[in-house]
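>>> No sequence on hand, only this structure:
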C-alpha cells in the first residue's frame, strides 16, 4: 500500500475509536514502521496528546531521531527504552527516557507509572512498540498476563492505549486472547 493510502487508513481507523480506548494494531512487517509513525503523527500532531512511548524494537535515540525526521512532535513525549541495555548501553535515565530490559516486565510497569505521574491533566496515551517482540524475551503466558495487567493499569491511569504487534509473528490465538483486553483490534 502506498504511503498516502496507508496514512489515510491509519487516521480513519484511529478517528473511529471512542474517546477513551485501548487498541491493538496488527500490521505486516513491511508496513510496521510506517504504521507506527502515522499512528504517532495522529496522536501527537493531530490530537496534541501527551504520551509515553515504550520502545522494545529500537533504542530511544534511534526512535526519537526517526520521529523527528518524520515531523512528529516529540516535546510532549516520554520514553521507556527496553532495548539499549541489551545492546550494551547502561544508561539509567535522561530527562525524557527511562531504561530497562524487555525481560523485566515488573520494572517496565514501574517506569511507565513514573512517567504517568509526570503527564499533565488532559488527553494522554501509552504507545507500546512492540507486543510481538516481548515474546522473544518472555513466555506466551507471561506476555498475556502482562498485557492484561497493562491494559487494566492504562484504564486506571486514564490513558488511551495503542499496542502494536506484527500480525504473523504470533499464533493467532495469542492475539485473540490479548484482543479481549482491548476495546478494538485494528488489522492494517
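That came through fine. Everything numeric in this text was worked out from a predicted model, so none of it was measured.

>>> looking at this protein, which helix or strand is least sure?
One helix or strand of the chain scores below all others by mean pLDDT, DSSP states H and E: helix 172-179, with a mean of 74.

>>> now the helices: where do they sit in this protein?
3-15, 32-40, 60-69, 105-116, 131-137, 140-157, 172-179 (DSSP state H).

>>> So which of those helices is nearest residue 96?
helix 60-69 (8.0 Å; CB to CB). All C-beta spots, glycine's among them, are computed from the backbone N, C-alpha and C.

>>> Could I get the contacting residues of residue 27?
35, 164-167, 187-188 (CB atoms under 8 Å, 6 or more residues apart in numbering).

>>> Residue 87 touches residue 59, doesn't it?
Yes. In terms of CB atoms under 8 Å, residue 87 counts as a neighbour of residue 59; the distance is 6.4 Å.

>>> which other residues reach the least confident helix or strand of the chain?
Under CB under 8 Å, 6+ apart, the answer for helix 172-179 is 24, 26, 131, 135, 140, 143-144, 147, 163, 165, 167, 185.

>>> could you give me the average pLDDT of stretch 67-84?
Mean per-residue pLDDT for stretch 67-84: 92.

>>> Return the set of buried residues in it.
67, 72-74, 77-84 (16 or more other CB atoms under 10 Å).

>>> Now render the contacts of helix 172-179 as a markdown table, adding neighbour count and distance to residue 112.
A markdown table is the format used below for the contacts of helix 172-179 (neighbours: other CB atoms under 10 Å; distance: CB to CB, whole Å):
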| residue | neighbour count | distance to residue 112 |
| --- | --- | --- |
| 24 | 25 | 17 |
| 26 | 24 | 22 |
| 131 | 26 | 14 |
| 135 | 20 | 19 |
| 140 | 14 | 22 |
| 143 | 23 | 16 |
| 144 | 18 | 18 |
| 147 | 25 | 13 |
| 163 | 27 | 13 |
| 165 | 26 | 18 |
| 167 | 17 | 25 |
| 185 | 16 | 22 |
